[in-house]
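K.L.:
Everything below, folded, please.
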Amino acid sequence: MADTNYDVLAIGAHPDDVEVGCGGTLCRLVAQGHSAAITFLTEGEMGTGGNIEIRRQEARDAAKIMGVYLSPPYDWGDTQLTDTYQRRVEIAQLIRRIRPKILLCPYPQIATGRRQSHPDHVATGVICLNAVNIAALKKLESELEPHRVMRVFHYFLPQAVSPSFVVDITDYYERWMDSLKAHRSQFQNPDKDGDYLFYLETMSRAYGQMARCKYGQGFYSAEPVAIDDLLDLVKVAPQVIPK
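P.N.:
The predicted model follows:
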C-alpha cells in the first residue's frame, strides 16, 4: 500500500518504539475502522539484540499484526538523532503525504530523575512538533499540498507527567503483546537481561488503574482538547470495583 490519507500517524525513534508506546491504541483504532500509519527515524542499530535487517523484518511483522501501514523508515543514526531543519522538512513532507488528523510521537522533553528519557525519543518528539508546524506552511517549497494536523498527542511519558487521557486497550491487549513479541530480538532474546514485556504489562495496568480499566495507554496533550458532546467522555464505561 502506498502513502495515502490515514487518520493517524505514529512516529518513533527506533523500531518497536511505536509498538511499546501506543501499539495497543493503534490496534484499537484499526478495529474501530480507522486507518493508521507508522514509521521510525533510526534503524535501531545500536540495540543489544538484532541488526538492521532483522529489525526491519520485525517492524514489518509487527505492523502486519497491528493492521497498520509501515511507511519507509529513516536512517538518521541510533543514539545520534538530532533536530535539524532538513529533518523537520522531511517529516513535514511525510505528514503532507499521509495527511493524518492525529500525530502520535514521544514526549519531547528530558525527564528528571535517575533514569532520564532516551535522547533519541526526545529528539523525535521535537522533530515531529516542528514538522507539524512546517507541514501547514503554504510557502514551503513542495509538490505536496499543505496539511494541518488537528492534534498531537505524546506517549513515553516521564513518571512525573500525568496523562491527559488514557485509552482502554483491554480488549486489544493480546494483539498488542503479539506485536511486541514480533520484535523477537528485543523482547524474546535470552541474551538480554530482564523481562521487559512484564514491565510493559505492569505499566499498562498502572495506566488502566488510573482510568478504571484493566489495561490502558496514557497520552499527554499540550493543548486542551475541545469536546463537542460532553457525554462522549463517558462512552467508555469504567470497570468500577464493587464495594
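K.L.:
got a list of what Phe187 touches?
P.N.:
16, 180-181, 196-197 (Cβ atoms under 8 Å, 6 or more residues apart in numbering). To be clear about C-beta, it is placed using only N, CA and C from the backbone, and glycine gets the same treatment.
K.L.:
Is there a quick ChimeraX command that grabs whichever of the residues you listed are buried?
P.N.:
The following ChimeraX line selects those of the contacts of Phe187 that are buried, judged by 16 or more other Cβ atoms under 10 Å:
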select :16,180,181,196
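K.L.:
Would you tell me what the next helix or strand after the helix or strand where Arg28 lies is?
P.N.:
Using DSSP states H and E, Arg28 falls within helix 17-31. The helix or strand immediately downstream of helix 17-31 is strand 36-40, counting by DSSP H and E.
K.L.:
Show me what that following strand is packed against.
P.N.:
Applying 3 or more Cβ pairs under 8 Å, 6 or more residues apart in numbering; DSSP states H and E, we find strand 36-40 packed against strand 8-12, helix 17-31, helix 52-66, strand 69-70.
K.L.:
repeat that with 6 Å
P.N.:
strand 8-12, helix 17-31 (3 or more Cβ pairs under 6 Å, 6 or more residues apart in numbering; DSSP states H and E).
K.L.:
Could you export it as PDB, CA atoms only?
P.N.:
The C-alpha trace of strand 36-40 is given here as PDB (Å, rounded to 0.1, in the frame of the first residue of the first chain):
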ATOM      1  CA  ALA A  36      -3.100   4.300  10.800                       C
ATOM      2  CA  ALA A  37       0.500   4.600   9.500                       C
ATOM      3  CA  ILE A  38       3.700   4.300  11.400                       C
ATOM      4  CA  THR A  39       7.400   5.000  10.800                       C
ATOM      5  CA  PHE A  40      10.700   5.300  12.800                       C
END
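K.L.:
Parallel or antiparallel, list what pairs with that strand.
P.N.:
If you go by DSSP bridges, strand 36-40 pairs up with strand 8-12 (parallel), strand 69-70 (parallel).
K.L.:
quick one on the thing from earlier: would you mind finding the most buried of the helices and strands packed on strand 36-40?
P.N.:
Each of the helices and strands packed on strand 36-40 was scored by mean neighbour count; the highest is strand 8-12, a mean of 27, by mean count of other Cβ atoms under 10 Å.
K.L.:
got the angle between it and helix 17-31?
P.N.:
Inter-element angle recorded for strand 8-12 and helix 17-31: 170 degrees (by axes from the mean of the first three to the mean of the last three Cα atoms, to 10 degrees).
K.L.:
Touching strand 8-12 from outside, list them.
P.N.:
Here strand 8-12 makes contact (Cβ atoms under 6 Å, 6 or more residues apart in numbering) with 18, 22, 29, 36-40, 98, 100, 102-105, 128.
K.L.:
which of the residues you listed lies closest to Ile52?
P.N.:
Set against Ile52, the nearest of the contacts of strand 8-12 by Cβ to Cβ is Phe40 (11.8 Å).
K.L.:
Just checking the distance from the helix or strand of the chain with the lowest mean pLDDT to the centre of its chain.
P.N.:
Least confident helix or strand, the chain: helix 184-187 with a mean of 91, by mean pLDDT, DSSP states H and E. Relative to the centre of its chain, helix 184-187 is centred 18 Å away, using Cα atoms, centre = their mean, to the nearest Å.
K.L.:
same question, stretch 84-98
P.N.:
17 Å.
K.L.:
buried residues in it?
P.N.:
Neighbour-count burial for stretch 84-98 flags 87-98 (criterion: 16+ other Cβ under 10 Å).
K.L.:
mean confidence score for that stretch?
P.N.:
Averaging pLDDT along stretch 84-98 yields 98.
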